[in-house]
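Chemist: requesting a structural model of the entry that follows:
(one chain, ligands or ions: 1)
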Amino acid sequence: MTKIKPDTLIKLFKTAHYVRAVEQVIADNYNNGLMRCPTHLSLGQELIPAIINVFKDNKDLAVSTHRAHGHYLGKGGSLDRFFDELHGLPSGCSSGNGGSMHLIDMSVGFMGSTAIVGNTIPVGVGLSNSLKLDKVNNFVYIFLGDGATEEGIFYESLHYAKLNSLPCFFIIENNEFSVYTHIKDRQFNKLRERIDGFNVQYFFNDNNDYCKLYWDFRKAIEKIRLGEGPIVFEIMTHRYREHCGPNFDDQLNYRSKNFIEKWNSIDIIELLEEDLLNSNYEKDKIINMKTNINEIVNKSYFRSRELRIKQNEK
Ligand SMILES: Cc1ncc(C[n+]2csc(CCOP(=O)(O)OP(=O)(O)O)c2C)c(N)n1
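Modeler: As a prediction, the model looks like this:
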């Protein structure tokens, strides 16, 4: 596989670390009770935000799910307005009314996320229809989890998108679990077999293979911009924390030890860091990069937290 350019590798690393730092600060502070919304963290699932950031074009649109933090941040959504939303402040990206599951930043093409599983899939298809009618060569990312592929609306949407050659980029992050239930107890056959039924192009990725994902993304985006119609990516991934909330829940044993160990051994940030070091990128520079990102994230978080505390005192 052709290696990716050092600049791209650095970009991937920076975004992955940025998303992790944001999620980490939420996890560390959630129990102080100032963020009152149910929160689904994307810790462990930073590969997709990092990849979409590399290909970022604000005129490409995106819709997402209950687990949307990484997608919003990868698309370039405002960090201050994000933390303010989690704190229920009027300056939040949804005016403080939506919380973690209802994020929006239209200035970067992030058109919204919602709490109802499958809800944004047809919205994304509708948006892509409008892009096609406008004769622009942009597309719509439709982010969903493996659980959402059990909703009928996914297949209706895929069918409509295929029939009309719409510029839809379906990105399925398959973490194998819908809350506590494994995919084998929920789905009769492989997702790929069902996608094949619609004659839609399908790409698969596993083991945080960011190099393959980068080249597949490039190819797919080229095809979508040429008007070749919808494309589906299924990307295996792993959430480190509980389904909803800041805690680990491995003690519940619904995921096997082997499974957890496998994903811990291919942590996306460690893989990227290793690759940077192997490409002779200096360790000190990596440390500086991380420190700078942590400072930006902490500054934004604590600013927002102070605002929430002041509001509470009123
Ligand atoms: C229509 C609907 N059904 C059920 C739920 C409850 N629910 C919230 S998240 C979730 C699991 C979704 O799993 P998946 O799509 O794989 O996303 P993940 O949480 O793994 O990222 C369920 C069943 C819901 N919010 N909406």
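
Chemist: and the residue nearest the centre of the chain, what does it touch?
Modeler: By Cα atoms, centre = their mean, the mean C-alpha position of the chain lies nearest to His71, the distance being 3.6 Å. By Cβ atoms under 8 Å, 6 or more residues apart in numbering, the contact list for His71 reads 48-49, 52, 62, 64, 110, 113, 141, 143. For glycine as for every other residue, the C-beta is placed from the backbone atoms N, C-alpha and C.

Chemist: and for Gln201?
Modeler: 220, 223, 228-232.

Chemist: apply 10 Å and report the result again.
Modeler: Residues near Gln201 by Cβ atoms under 10 Å, 6 or more residues apart in numbering: 162, 195, 219-220, 223-224, 228-233.

Chemist: okay, it and Gln45: tell me how far apart.
Modeler: 23 Å (Cβ to Cβ, to the nearest Å).

Chemist: ok, which pair from the contacts of Gln201 is furthest apart?
Modeler: Lys162 and Lys219 (18.4 Å; Cβ to Cβ).

Chemist: just want to know which of these two has more residues nearby.
Modeler: Lys162 (17 against 13; other Cβ atoms under 10 Å).

Chemist: so that one touches Asp196, yeah?
Modeler: No. Counting by Cβ atoms under 10 Å, Lys162 stays clear of Asp196, with 11.6 Å between them.

Chemist: next to the ligand, which bits of the stretch 151-300 of the chain? Give me the list.
Modeler: 175, 177-179, 243 (Cβ under 6 Å from any ligand atom).

Chemist: let me have those in JSON lines, extended by pLDDT and distance to Leu272.
Modeler: JSON lines is the format used below for those (pLDDT from 0 to 100; distance: Cβ to Cβ, whole Å):
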{"residue": "Asn175", "pLDDT": "98", "distance to Leu272": "19"}
{"residue": "Phe177", "pLDDT": "98", "distance to Leu272": "25"}
{"residue": "Ser178", "pLDDT": "98", "distance to Leu272": "28"}
{"residue": "Val179", "pLDDT": "98", "distance to Leu272": "29"}
{"residue": "His243", "pLDDT": "98", "distance to Leu272": "26"}
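
Chemist: test my guess that Ala62 contacts Gly70.
Modeler: No. Counting by Cβ under 10 Å, Ala62 stays clear of Gly70, with 11.2 Å between them.

Chemist: now the common contact residues for the two.
Modeler: With Cβ under 10 Å, 6+ apart, Ala62 and Gly70 have common neighbours 52, 143.

Chemist: how about Lys56, secondary structure?
Modeler: Judged by DSSP: H, G, I helix; E, B strand; the rest coil, the three-state class of Lys56 is coil.

Chemist: now do it against the ligand, distance only.
Modeler: 22 Å (Cβ to the nearest ligand atom, to the nearest Å).

Chemist: need the contact list for that residue.
Modeler: Lys56 neighbours (Cβ under 10 Å, 6+ apart): 11, 15, 74-76, 108-109.

Chemist: one more: Glu156?
Modeler: Contacts of Glu156 (Cβ under 10 Å, 6+ apart): 121-122, 125.

Chemist: also Asn253?
Modeler: Ile260.

Chemist: look up how far the ligand lies from Leu86.
Modeler: Taken as Cβ to the nearest ligand atom, the span from Leu86 to the ligand is 18 Å.

Chemist: touching, that residue and Gly99? I think so.
Modeler: Yes. Applying Cβ under 10 Å, one finds Leu86 in contact with Gly99, separated by 6.6 Å.

Chemist: residues shared between the contacts of those two?
Modeler: 35-37, 39, 92.

Chemist: around the ligand, which positions in the stretch 1-150 of the chain sit nearby?
Modeler: Checking the stretch 1-150 of the chain against the ligand by Cβ under 6 Å from any ligand atom, the hits are 66-67, 115-118, 145-148.

Chemist: mind redoing it with 5 Å?
Modeler: 67, 116-117, 145-148 (Cβ under 5 Å from any ligand atom).

Chemist: so which elements touch the lengthiest helix in the chain?
Modeler: Secondary structure assigned by DSSP state H gives helix 283-313 as the longest helix of the chain. Packing contacts for helix 283-313, counted by 3 or more Cβ pairs under 10 Å, 6 or more residues apart in numbering; DSSP states H and E, involve helix 6-29, helix 79-86, helix 268-278.

Chemist: what angle do it and helix 268-278 make?
Modeler: 150 degrees (axes from the mean of the first three to the mean of the last three Cα atoms, to 10 degrees).

Chemist: tell me the buried residues in helix 283-313?
Modeler: For helix 283-313, the neighbour count (16 or more other Cβ atoms under 10 Å) marks 286, 289-290, 293-294, 297, 300-301, 304-305, 307-308 as buried.

Chemist: what does stretch 194-202 give?
Modeler: Result for stretch 194-202 [16+ other Cβ under 10 Å]: buried residues 194-195, 200-202.
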